[in-house]
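Asker: Everything below, folded, please.
(one chain, ligands or ions: 1)
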Amino acid sequence: MVNKLVAQGLRHPMVIQTFLRTERHRFVDSALVAQAYEDTSLPIGLGQTISKPSVVARMLELLVHGHEKPIGRVLEIGTGCGYQAALLSHVSKEVYSMERLKGLHERARDNLRPLRIPNVHLILGDGMKGFPAGAPYAGIVAAAGGLDLPQSWLEQLAVGGRLVAPAELAPGQQSLVVVERTSTGFARQILEAVCFVPLKSGVA
Ligand code: SAH
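Answerer: Coordinates of the predicted model:
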């Protein structure tokens, strides 16, 4: 899988290393293990999906762009099965990962426990509010997209930090958005079309 990601353009050494260190089959249902290393999204229960590895790789590269060493604290919105949180643990110093569905929060905890990763903190809560206790963040990455980027994410981003998230900026058209916080404001780039599950409010 990693060779294929590299053939498709994955270049960042730290991102390549974290993919090599993180076994995707540990995060999917036993019936889907045979497909774990294919470049496809897979169901993880409760109507949610683990994103395609190529999309995850793209987001991680955008998040750590310009950094050779792990970046500071990162906020992940949408823990899901915990796969991306495990990947983030090797490219950042601390990971705060939020999930609104209790069933998935618990599943991620069970998936991550045997890996004994000390710097991932799982939070059951509404990620639309962010997690102020860990702010400011060097990076914020969302695996679910709303109509726009919640103001709380922008507020919790450190100066020099980057936010990578999908957003439906035009009706029915979700795009990948990168926001960099500068000393004077926010610089926003709109990239390719993507297809993520919806960002929803509240905990369930
Ligand atoms: N990164 C995950 C992908 C999970 S899919 C992985 O590696 O498996 C996106 C997740 O975002 C879903 O589990 C969904 O429940 C969650 N989500 C949607 N809206 C949310 C919100 N407001 N706060 C936290 N999680 C949210």
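Asker: got the contact list for Leu176?
Answerer: Arg58, Met59, Leu62, Val164, Ala165, Pro166, Ile190, Leu191, Glu192, Ala193, Val194 (CB atoms under 8 Å, 6 or more residues apart in numbering). Heads up, the C-betas are built off the backbone N, CA and C, glycines and all.
Asker: ok so it is a strand residue?
Answerer: Yes - under DSSP: H, G, I helix; E, B strand; the rest coil, Leu176 sits within a strand.
Asker: Nearest spatial neighbour of it, chain-adjacent residues omitted?
Answerer: What sits nearest to Leu176 in space, not counting adjacent residues and going by CB to CB, 6 or more residues apart in numbering, is Leu191, at 4.3 Å.
Asker: was I right about the one you found contacting Leu169?
Answerer: No - under the criterion of CB atoms under 8 Å, Leu191 makes no contact with Leu169, lying 11.1 Å away.
Asker: if I look at those two, which residues touch both of them?
Answerer: Shared contacts of Leu191 and Leu169, counting by CB under 8 Å, 6+ apart, come down to Ser175, Val177.
Asker: Now do the SS call for Leu191.
Answerer: Using three-state DSSP, the three-state assignment for Leu191 comes out as strand.
Asker: which residues touch it?
Answerer: Going by CB under 8 Å, 6+ apart, Leu191 touches Leu62, Ser175, Leu176, Val177, Val178.
Asker: Out of these, give me the two with the largest separation.
Answerer: Maximum pairwise distance among the contacts of Leu191 (CB to CB): 12.8 Å, between Leu62 and Ser175.
Asker: And for this structure, the residue most distant from the center?
Answerer: Distance from the centre of the chain peaks at Thr184, with 26.2 Å (CA atoms, centre = their mean).
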